[in-house]
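1. Following is a predicted model, sequence given first.
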Amino acid sequence: MRVPGKFYLSETLSETLEEGAVRQLANVATMPGIVRYSLAMPDVHWGYGFPIGGVAAFNMEEGVISPGGVGFDINCGVRLLALPITKDDFSGIKGIINQLFDTVPTGVGNKSALRLSEKELEDVMTEGAGWAVNNGYGTKDDIIRCEDGGCIDGADTEHVSRKARQRGMPQCGTLGSGNHFLEIQSVDEIFDDGAAEKFGLVRDQICIMIHCGSRGLGHQVCTDHLKDLEAASKKYNIKLPDNQLACAPLKSPEGKAYLSAMAASANYAWANRQIITHLVREVICKKPGIEYDDIKLIYDVTHNVAKFEEHIVDGKKQTLCVHRKGATRAFGPGSPGLPPELDSTGQPVLIPGSMGTPSYVLKGTEKAMECTFGSTCHGSGRIMSRSQAKKSSDGSDIKEELAGKGIYVRATSNKVIAEESPQAYKSSSEVVRTVHNAGLSLKVAKLTPMGVIKG
DNA sequence: ATGTAC
């Protein structure tokens, strides 16, 4: 190991820590150019090469880029919309969830009503959420409330294969499957009145959370470039304890090729969440008294990406390539790139719960800038494999149990409900409590689910 | 996560 590994855990969460995830954190610490430490957030679990819930930063001189440090779902992320109504003025949750389910394409391999041409896909990959807004799928304000303005620099579509494009063309504006969801929630508790007001949240407000990523396109980009970077690791004589850590120097053509395709995929994911937002607005503004523009984007975060950022290392400002895989940026007050109105508050951090459990809004901190390259957790973290979860339930029992709590679940199959059982995940509240107590991000509001759409 | 397999 070139640097130490560091875990942020509570006593309860340390009991769920997998040996495989510890091993992976140690493996990452052996990689060239890694700076300070290999980090694990409290929702850490075993993943492909790097652990999910891991953060690793690499210097520009010897550092590397690794697809395993980003994940297969490039720019998997979360966005939160706020409606201009509270729980008291809101009824018919079942009907609205059903309408949303019929409007937002959901599930593995499902296709969008919007068919992008090859040229449009190029523009989506270059312009991100901005493409969607400029083509009528949103408002100018939406862009300001996206991390990086919903577009990462450096996208080069030359490095996105034909196969990846073909998978991506019919899928822009679709939700996907697995842990991805669309949820109607209410603001149940406010912990920080000042920050909540700045973000645009009030108690009992109705919100909609969207959790999804780059679908088949990002997955294909990851698959394609992993193969190239496995060869590059050998070419550049990088000794790795695990082939899944395939990487290339940041300065190498192979490394740059992946970075440019990763940026293109990230931009596609931002356009995807933006188009879904448009579909949601169209359904919701059928309700009397709600206009399209009244549905505000609170924020949009990515939790699977590598980015060039400036951080202080040994008292000096340095550009680093920060890999966040299942980890959320949590920039503190005064950090670059925040919307002007949130400069004094810090970045909104969105932490989705597992199905039927609360989600949280937090704010980024100075402590995160000092300790974790401005990063925090991303969610609940799986503790039971999909096959284990399917053995313990057929899904219908979970659906009923949640209905008993007043949560209406609509899914493409009972199988996905079984796989996504709350029991298969760590507690989002415990994960959030841990990052809050560590000061990596501070609680602003708690969101309780009312209706859930699952792919 | 994923045209759940190449």
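-> Yes, it's here.

2. Which residues of chain A lie near DNA strand B?
-> By the rule CB under 7 Å from any atom of the strand, the part of chain A lying against DNA strand B is A:72-73, A:76, A:108-109, A:163, A:167, A:171, A:176-180, A:212-213, A:215-216, A:219-220, A:382, A:386, A:455. (Glycine included, C-beta is placed from N, CA and C.)

3. Cross-reference those with the helices and report the matches.
-> Of these, the ones assigned to helices by DSSP state H are A:Lys163, A:Arg167, A:Arg215, A:Gly216, A:His219, A:Gln220, A:Arg386.

4. Highest neighbour count among those?
-> The most crowded member of those, judged by other CB atoms under 10 Å, is A:Arg215 (30 neighbours).

5. That residue contacts A:Gln171, doesn't it?
-> Yes - under the criterion of CB atoms under 8 Å, A:Arg215 makes contact with A:Gln171 at 4.4 Å.

6. which residues do the two both contact?
-> Residues within reach of A:Arg215 and of A:Gln171 at once, by CB atoms under 8 Å, 6 or more residues apart in numbering, are A:Asn272.

7. which residues in the stretch 351-455 of chain A form strands?
-> With DSSP state E, counting those that start in this stretch as the criterion, the stretch 351-455 of chain A has strands at A:359-364, A:375-376, A:408-411, A:441-454.

8. what's the most buried one of those?
-> Highest mean neighbour count of those: strand A:375-376, a mean of 32 (counted as mean count of other CB atoms under 10 Å).

9. Now it: average pLDDT?
-> Average pLDDT, strand A:375-376: 98.

10. What are the contacting residues of it?
-> Outside strand A:375-376, the residues touching it (CB under 8 Å, 6+ apart) are A:39, A:41, A:55, A:322, A:324, A:327-330, A:349, A:351, A:362, A:364, A:368, A:435, A:440-441.

11. Let's see the pLDDT reported for A:Gly289.
-> A:Gly289 carries a pLDDT value of 88.

12. Kindly report the same for the one 5 residues further on.
-> A:Asp294 carries a pLDDT value of 96.

13. Isn't it up against A:Pro84?
-> Yes - between A:Asp294 and A:Pro84 there is a contact at 4.3 Å, judged by CB under 8 Å.

14. Now the common contact residues for the two.
-> The overlap between the contact sets of A:Asp294 and A:Pro84 (CB under 8 Å, 6+ apart) is empty.

15. Buried subset of the contacts of strand A:375-376, written for ChimeraX?
-> To isolate the buried subset of the contacts of strand A:375-376 in ChimeraX, counting by 16 or more other CB atoms under 10 Å, use the following:
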select /A:39,41,55,322,324,327,328,329,330,349,351,362,364,368,435,440,441
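
16. partner residues bridging the nearest residue to A:Ala445 once chain neighbours are set aside?
-> Nearest residue to A:Ala445 in three dimensions, chain neighbours excluded: A:Val361, at 4.5 Å (CB to CB, 6 or more residues apart in numbering). In this entry, A:Val361 is beta-bridged to A:Leu350, A:Ala445, by DSSP bridges.

17. For the residue positioned nearest the centre of chain A, which residues are in contact?
-> Centroid check for chain A by CA atoms, centre = their mean gives A:Gly77 as the closest residue, at 2.3 Å. For A:Gly77, the contacting residues are A:Glu147, A:His211, A:Cys212, A:Gly213, A:Ala269, A:Trp270, A:Arg273, A:Asp300, A:Val301, A:Thr302, A:His303, A:Asn304, by CB under 8 Å, 6+ apart.

18. Turn these into a markdown table, columns for pLDDT, secondary structure and neighbour count.
-> Listed next are the contacts of A:Gly77 as a markdown table, based on pLDDT from 0 to 100; DSSP: H, G, I helix; E, B strand; the rest coil; neighbours: other CB atoms under 10 Å:
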| residue | pLDDT | secondary structure | neighbour count |
| --- | --- | --- | --- |
| A:Glu147 | 98 | helix | 28 |
| A:His211 | 98 | strand | 24 |
| A:Cys212 | 97 | strand | 27 |
| A:Gly213 | 98 | coil | 29 |
| A:Ala269 | 98 | helix | 29 |
| A:Trp270 | 98 | helix | 31 |
| A:Arg273 | 98 | helix | 29 |
| A:Asp300 | 98 | strand | 28 |
| A:Val301 | 98 | strand | 23 |
| A:Thr302 | 98 | strand | 28 |
| A:His303 | 98 | coil | 31 |
| A:Asn304 | 98 | strand | 29 |
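
19. want to throw those residues into JSON lines with distance to A:Gly68?
-> Supplementary listing: these in JSON lines, determined by distance: CB to CB, whole Å:
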{"residue": "A:Glu147", "distance to A:Gly68": "22"}
{"residue": "A:His211", "distance to A:Gly68": "22"}
{"residue": "A:Cys212", "distance to A:Gly68": "21"}
{"residue": "A:Gly213", "distance to A:Gly68": "16"}
{"residue": "A:Ala269", "distance to A:Gly68": "18"}
{"residue": "A:Trp270", "distance to A:Gly68": "22"}
{"residue": "A:Arg273", "distance to A:Gly68": "24"}
{"residue": "A:Asp300", "distance to A:Gly68": "24"}
{"residue": "A:Val301", "distance to A:Gly68": "21"}
{"residue": "A:Thr302", "distance to A:Gly68": "17"}
{"residue": "A:His303", "distance to A:Gly68": "15"}
{"residue": "A:Asn304", "distance to A:Gly68": "11"}
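
20. from the residues you listed, which is closest to A:Asn243?
-> Closest to A:Asn243 out of the contacts of A:Gly77 is A:Asn304 (20.4 Å), distances taken as CB to CB.

21. So, low pLDDT: which residues of the stretch 251-400 of chain A?
-> Across the stretch 251-400 of chain A, not a single residue meets the criterion (pLDDT under 70).

22. now the helices for it?
-> Ranges of helices in the stretch 251-400 of chain A, per DSSP state H, counting those that start in this stretch, are A:253-284, A:366-371, A:386-392, A:396-404.

23. A:Val305 is in contact with A:Ala266, isn't it?
-> Yes - A:Val305 is in contact with A:Ala266 according to CB under 8 Å; the separation is 5.6 Å.

24. re the thing from before, most tightly surrounded among the helices of the stretch 251-400 of chain A?
-> Of the helices of the stretch 251-400 of chain A, helix A:253-284 is the most buried (mean count of other CB under 10 Å), at a mean of 25.

25. Now do the residue nearest to A:Tyr137 when sequence neighbours are not counted against A:Ser66, distance only.
-> Nearest residue to A:Tyr137, sequence neighbours excluded (CB to CB, 6+ apart): A:His278, at 3.8 Å. A:His278 sits 34 Å away from A:Ser66, going by CB to CB, to the nearest Å.
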